[in-house]
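Participant: quick check, what structure comes out for this input:
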Amino acid sequence: MPTEDNIDLARLPPVLPVTVARTTPDGLPTKEQLDWDQFARNWYKTTVVNLNTRLTEVRSDTDGNSASIVEETNARTSADEALAEQITTVEASVGNFTAGGQVYFGARATPAGAEAAYGIYLTAGNAFTGFEMIAKSDGTSAIGLSANQLYFTDSGTGTNVFSYTGGVFRFNVPVEVRTGELAPNAATKPDKTTINSSNIVGNTSGNWVNLISHTVDADGSTYSALIIADFMYRVVPFSGTSNGSWRLIRQRGTTVNTLRQGDLIVFTNYFPVLTARLLDDIQDNDVIRIQVLVGGDSTAAFQFDDKAILVDVRKR
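Facilitator: Numbers count the residues shown, from 1 in each chain. Predicted structure coming up:
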């Protein structure tokens, strides 16, 4: 039996005032009495008789523009099912522009199992975004999110922690991975420069000159890095007597460290040079360079091609 605790008394029809006539002179009910009877009938039907459903709508329409809020609450049971759900739907429309949203919260149980779900769905024109959660009695659960952009901001610092936009996930804070699947220091950030244009270098008057340079971007941290460099060289045909040296250096400010070095041998055909060095303290703005020093008479020269530097960064 319905009780006062589960009946919406706030919507109970008011009693007609004593100043309102209940019957006409010929004994028939007045319009006011008939309206009250209809009002009371509807209230009893939706509030007392049909206690398992509530439907409330707020709506406004002006010059073709519309806005509405519909709240629906259902509780149903049968011999083999129990269902409880609450749905709120909002819609707004002006001309060709429409927007809508829905919040769904529900639980369902049957002899075969049970599940609970919660979802938020929003549309505006052709755009859609949604969030949903579901849990099942078989021990499985899921959370789904649909959007073409995603942002997370630290409310304490205002830092944009990470974002997803344009098909790319970007993390703007340090990321720790503490599992056995990814070995320590195994996350790499390749950072390379390659220049294939040819250089002809004559007598350098005892000075080192740059063949190729690369400035490191280490994201404000300190990394281990494998430095790989290569180039090809030969003596320029018909040049004078030549001799020289090459070196791979790391320059930090005014400090220069030689990582690898060797002699330039006089070859008429191209000769390849491939060298590498592992460093444990690469930082932002470190400059990696391949340099050469060429001696000999005034017409001596070497030709350099296919110059490249690869900085394979590994966070410490």
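Participant: and the closest residue to residue 267 other than its chain neighbours, how many neighbours?
Facilitator: Of all residues not flanking residue 267 in the chain, residue 234 sits nearest, at 5.4 Å (Cβ to Cβ, 6 or more residues apart in numbering). To be clear about C-beta, it is placed using only N, CA and C from the backbone, and glycine gets the same treatment. Counted with other Cβ atoms under 10 Å, residues neighbouring residue 234 total 17.
Participant: I'd assumed residue 265 was in contact with residue 234.
Facilitator: No: using Cβ atoms under 8 Å, residue 234 is not in contact with residue 265, being 9.9 Å away.
Participant: got any residues that touch both of the two?
Facilitator: Common contacts of residue 234 and residue 265 (Cβ atoms under 8 Å, 6 or more residues apart in numbering): residue 271.
Participant: quick one: the helices in the stretch 1-150 of the chain?
Facilitator: With DSSP state H, counting those that start in this stretch as the criterion, the stretch 1-150 of the chain has helices at 31-43.
Participant: where does it dip in pLDDT?
Facilitator: 1-13, 43-51 (pLDDT under 70).
Participant: state the distance from residue 242 to residue 301.
Facilitator: 7 Å (Cβ to Cβ, to the nearest Å).
Participant: any common contacting residues for the two?
Facilitator: 235, 294.
Participant: if we can go back for a sec, the residue nearest to residue 267 bridge partners, please.
Facilitator: Beta-bridge pairing of residue 234 under DSSP bridges involves residue 303.
Participant: closest to the centroid, which residue in this structure?
Facilitator: Against the mean C-alpha coordinate of the chain, by Cα atoms, centre = their mean, the closest residue is residue 164 at 2.2 Å.
Participant: check which helix or strand covers it.
Facilitator: strand 160-165 (DSSP states H and E).
Participant: what about that strand, distance to the chain center?
Facilitator: Between the centre of strand 160-165 and the centre of its chain there are 5 Å (Cα atoms, centre = their mean, to the nearest Å).
Participant: can you check stretch 149-163 too?
Facilitator: That offset, for stretch 149-163, works out to 10 Å (Cα atoms, centre = their mean).
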